[in-house]
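Enquirer: Structure for the following, please:
(chains A and B)
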Amino acid sequence: MPNFGPSDYVQLLLAGLSTGSIYVLIGLGLITIYNVTGVVNLAQGEFVMLGAMVAVSLYRAGLPLAVSGLVSVACVVVVGLVVHRLTIRPARQATDVTMIIITIGTSIAVRGLALWIWGTTAYSLPDFSPGPPVALWGAVVGRQRLWIMGTAGVVLLLVHTFFQYTLLGKAVRACAINRRAAQILGVNPEAMAALAYGLGAALSAVAGIVIAPLTLVSYDMGLTLGLKGFVVAIMGGLTNMPAAVIGGLLLGVLEAFSSALLTSGLKDGIAFLALLVVLLVRTIQLRPLRAAWPLARRT
Amino acid sequence: MKRSLFVFLIVSCLLAVSAGCSAKPEPSDETSTTGTPYKIGVIVSVTGAASTLGEPERDAATMLQKQLDAAGGITDKDGVLHPIELIIQDTQGSSDVALPIVKKLIDDGVVAIVGPSTSYESMALIPVVQEARVTLVSMASSGDIVNPVSARWWVFKVAQSNEHTSPWQVRYAKAKGYTRIANLYVNNAYGEDGADAIRQTVAAEGLEIVLEETFGADDKDMTAQITKIKASGAEAVLVTAIPPAAAIFTKQYRELGVDLPLLHNSGIAMPTFVDLAGSANAEGVIFPMGKLVAVDALPDDDPQKQVLQQFVTDFTDYTGKAPSHFAAHGWDAIQLVLAALGRMSDGLTLDEQRVLLRDELERTKDFVGLDGVFNLTPVDHVGLSEDDIVLVRIKDGVWEYFPQEQW
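Expert: Purely as a prediction, here's the structure:
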């Protein structure tokens, strides 16, 4: 057991929260897409990678950092729309399993394309605001980590406002709740599905860009991140955004503490252990519900 | 119509195949002074997690192939010219990919195999080449690749071992009067080997290891490990890792404000390290490596100076990039095999070639390479010494030769 003081725990907590914020962004993208289109998009991690990679390329081409970031998000949104139009929409009558396989295929294809374009080299973005780390409750926090948490917070607020208070957001939610009813009321579900895909892609791209200075960027970074985002989405039952936010932050903190207090080799295992636990607990929880609700039992 | 076209295709395919078969056993023109062509398998991880190693190694191989083609091959001790074919294959940094590639190369009649790029692939290949009785000259650095020699009869390597480089990390700490050491390493064969070498030297020098920690080769967040370093009371931090993990570690080490001296191992000796970690973060990092880095600062009477300068010029002309020491490993591995082939005679069967090549490699004496001056023996399949190593310090993003007087 290492000899940790209180400030060390704060340090780990902050590291966990910043990593967790990234997982939350990715998880929310997954949930948005799932709710409107019914697709569990396992290619979500590739949007993260694309966001980071495009930003790096633009920045290296000489654009200012902020412009690179914004243009990159726009590019990834376009990619998201294209992916939706080319792979999801034509197969919208297919079964869930087929859909998942399609997204896995997309993920592999995008990764292959990225390998072809950028090669295997790892790239880096400069810190958004370079400078010495900030002291916080005895711990030191890199400025980039503050950027990550801040960006995640702002994005969450924007997403919340969009879904709760704008007509368009309400239309997307209506589609998620009852597609047919929404259609009758004049909402175009295909447009909403495309919108959801674009939004999901944007969330992931933002995640990729803000972590790029901290963790470096390579063509294969999306896989692990996408899986972590998936774990987070599952924690929210694939539908519950607030639960996913809490789950994502918890996962980040859990990873940080387990690798410090137990052994660092366990870190990735923790996420999937959490996934197993959540799935098991959910299954057990749902059983009495089903018993009490005859409609559900029939299905 | 369609059917006849199909039949035509089949027939022409068969003809092509049989033509290929019948052409094979025909001996090459015996009357000229051209001897048996030698095929050498070059297996490097051009893609995958170890691509920063494999790419320059491949470039060194293609550059050598170009030079060999221009010269028509190598001349053996009897003046017979042997064309050389380097068969370059990508292992993707994976033992699972490397194994079938090696088996295929052996079936295809290569006289030796150089590579692979990483220690863990090398370890996985040892039983295969031992059984097939084909020489493997690894470009990876772990000492376990060639030790014990009795069980590694067919295996050699050119990269400086951690047993040559790690002592320099400890030696520096000792010279500066630091006694409490943190020993950090990436959790694969390379990292464990380095950590082990550090443990041994630390014990021999009478210092103390106060913390041992590992991280994964593709870990993105090392806050936990670095927090432990801060809590451990260490005076110097010794790391065995390669980028990107080593770069991420360095970045977060600075971010968390640790101001203990940071000593990496030779695994970070590639230009991408500074790019990835950021010049400000890499500032002051010290690491041991071969003399390639110090080429301009070496005294003129250094035996390697001329070879190193020539290589730097050639490689920079060929690729447009300065060579990393991985390019040097690739060059050395192939050159050692070529030199040994040059000491053999023509007219041997493939099995005889393979056996004799192994024996000749083991008899390599005073071969001036890029990684050092090689003196191989039946008990030393590396042939380098600690004298082939220098310490380097990163200053303003550039590697700077860090001679003992400046410590």
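Enquirer: wait, what's in contact with B:K230?
Expert: With contacts defined as Cβ atoms under 8 Å, 6 or more residues apart in numbering or on different chains, B:K230 is in contact with A:D8, B:L256, B:V258. (Each C-beta comes from the backbone N, C-alpha and C, glycine too.)
Enquirer: Work out for me the element it sits within.
Expert: helix B:223-232 (DSSP states H and E).
Enquirer: partners of the helix or strand that that helix is followed by, with directions?
Expert: The element immediately downstream of helix B:223-232 (helix or strand, assigned by DSSP H and E) is strand B:236-240. Using DSSP bridges, the strands paired with strand B:236-240 are strand B:180-186 (parallel), strand B:262-263 (parallel).
Enquirer: counting contacts, what elements does the helix or strand hosting A:G169 pack onto?
Expert: Using DSSP H and E, A:G169 falls within helix A:167-177. Where contact means 3 or more Cβ pairs under 8 Å, 6 or more residues apart in numbering or on different chains; DSSP states H and E, helix A:167-177 is packed against helix A:6-37, helix A:143-165, helix A:179-184, helix A:189-215.
Enquirer: pull the CA atoms of stretch B:253-261 into CSV?
Expert: Output of stretch B:253-261 as CSV, limited to C-alpha atoms (Å, rounded to 0.1, in the frame of the first residue of the first chain):
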residue,chain,number,x,y,z
TYR,B,253,5.5,13.6,-15.0
ARG,B,254,6.1,17.3,-15.8
GLU,B,255,2.5,18.1,-15.6
LEU,B,256,2.3,16.7,-12.1
GLY,B,257,5.2,18.9,-11.1
VAL,B,258,7.7,16.1,-10.1
ASP,B,259,11.1,17.7,-10.1
LEU,B,260,13.2,14.6,-9.6
PRO,B,261,15.9,13.8,-12.2
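Enquirer: got a list of contacts for that stretch?
Expert: The contact list for stretch B:253-261 (Cβ under 8 Å, 6+ apart) reads A:11, A:132-133, A:140, A:142, A:144-145, B:173, B:176, B:178, B:182, B:222-223, B:226-227, B:229-230, B:234-237, B:262, B:280-281, B:284, B:286.
Enquirer: next one: stretch B:175-186
Expert: Stretch B:175-186 is contacted from outside by B:170, B:173, B:191-192, B:194-195, B:198-199, B:202, B:207-217, B:225, B:229, B:232-242, B:245-246, B:249, B:260-261, B:404, B:407, using Cβ under 8 Å, 6+ apart.
Enquirer: related to what we said a few turns ago, okay, the helices and strands packed on helix A:167-177 in TSV with mean pLDDT and distance to chain B next?
Expert: Formatted as TSV, these follow (pLDDT from 0 to 100; distance: least, Cβ to the nearest Cβ, whole Å):
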stretch	mean pLDDT	distance to chain B
helix A:6-37	90	4
helix A:143-165	92	8
helix A:179-184	88	38
helix A:189-215	93	4
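Enquirer: now those as TSV including mean neighbour count?
Expert: As requested, those are exported to TSV (neighbours: other Cβ atoms under 10 Å in any protein chain shown):
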stretch	mean neighbour count
helix A:6-37	25
helix A:143-165	17
helix A:179-184	14
helix A:189-215	25
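Enquirer: which one of those helices lies closest to A:P64?
Expert: Smallest distance to A:P64 across the helices and strands packed on helix A:167-177 (Cβ to Cβ): 13.4 Å, for helix A:189-215.
Enquirer: Just after the closest one, pick out the following helix or strand.
Expert: Next element after helix A:189-215 (DSSP H and E): helix A:222-235.
Enquirer: Which strands or helices does that next one pack on?
Expert: The contact analysis (3+ Cβ pairs under 8 Å, 6+ apart) places helix A:222-235 against helix A:6-37, helix A:44-60, helix A:96-118, helix A:189-215, helix A:241-261, helix A:267-292.
Enquirer: Which positions within that helix qualify as buried?
Expert: If you call a residue buried by 16 or more other Cβ atoms under 10 Å in any protein chain shown, then helix A:222-235 has these buried ones: A:222-223, A:225-235.
Enquirer: Closest one of those to chain B?
Expert: Nearest to chain B among the buried residues of helix A:222-235: A:L225, at 8.7 Å, using Cβ to the nearest Cβ.
Enquirer: Next one, pLDDT for the residue minimising distance to the centre of chain B please.
Expert: Using Cα atoms, centre = their mean, the residue of chain B that lies closest to the mean C-alpha position is B:M139, 2.5 Å off. B:M139 carries a pLDDT score of 95 in this model.
Enquirer: Let me see the contact set for it.
Expert: Neighbouring residues of B:M139 by Cβ under 8 Å, 6+ apart: B:44, B:53, B:57, B:114-117, B:157-159, B:326, B:329-330, B:333.
Enquirer: Specify which member of the residues you listed is nearest to chain A.
Expert: B:L53 (10.7 Å).
Enquirer: any idea which element that closest one lies in?
Expert: Assigned by DSSP H and E, B:L53 belongs to helix B:51-71.
Enquirer: Show me which residues of the stretch 251-400 of chain B are close to chain A?
Expert: By Cβ under 8 Å from any Cβ of the partner chain, the residues of the stretch 251-400 of chain B that approach chain A are B:K251, B:Q252, B:E255, B:L256, B:G257, B:T272, B:D275, B:L276, B:G278, B:A280.
Enquirer: Show me the domain layout of chain B.
Expert: B:38-161+B:304-385, B:162-296+B:389-406 (automatic domain parsing).
Enquirer: How many residues are close by the residue of the stretch 51-200 of chain B found nearest chain A?
Expert: Closest residue of the stretch 51-200 of chain B to chain A, Cβ to the nearest Cβ: B:S51 (3.6 Å). Using other Cβ atoms under 10 Å in any protein chain shown, B:S51 is surrounded by 23 other residues.
Enquirer: Please apply the same query to B:A280.
Expert: 14.
Enquirer: and the gap between it and A:P126?
Expert: 10 Å (Cβ to Cβ, to the nearest Å).
Enquirer: cool, B:T91 as well?
Expert: 34 Å.
Enquirer: Who has more neighbours out of the two?
Expert: Counted by other Cβ under 10 Å, B:T91 and A:P126 do not tie: B:T91 has more neighbours, with 27 against 13.
Enquirer: tell me which element the closest residue to the more buried one other than its chain neighbours falls in.
Expert: Leaving aside its chain neighbours, B:T91 sits nearest to B:A98 (4.0 Å; criterion: Cβ to Cβ, 6 or more residues apart in numbering or on different chains). Element membership of B:A98, judged by DSSP H and E, is helix B:95-107.
Enquirer: Run through the residues that contact residue 59.
Expert: You didn't say which chain, so I picked chain A. By Cβ under 8 Å, 6+ apart, the neighbours of A:Y59 are A:L65, A:S68, A:L125, A:P126.
Enquirer: You answered for a different chain; I wanted chain B.
Expert: B:D59 makes contact with B:F315, B:Y318, B:T319, B:K321, B:A327, B:G330 under the criterion Cβ under 8 Å, 6+ apart.
Enquirer: give me that answer again for 7 Å
Expert: B:T319, B:A327 (Cβ atoms under 7 Å, 6 or more residues apart in numbering or on different chains).
Enquirer: What score does it have for pLDDT?
Expert: Value for B:D59, per-residue pLDDT: 96.
Enquirer: quick one on the thing from earlier: could I get the strands paired with strand B:236-240 as JSON lines with mean pLDDT?
Expert: Formatted as JSON lines, the strands paired with strand B:236-240 follow (pLDDT from 0 to 100):
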{"stretch": "strand B:180-186", "mean pLDDT": "94"}
{"stretch": "strand B:262-263", "mean pLDDT": "96"}
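Enquirer: what secondary structure does A:S129 sit in?
Expert: Under the three-state scheme (DSSP: H, G, I helix; E, B strand; the rest coil), A:S129 adopts coil.
Enquirer: wait, B:Y401 sits on B:V392?
Expert: Yes: the pair formed by B:Y401 and B:V392 meets the contact definition of Cβ atoms under 7 Å, at 6.3 Å.
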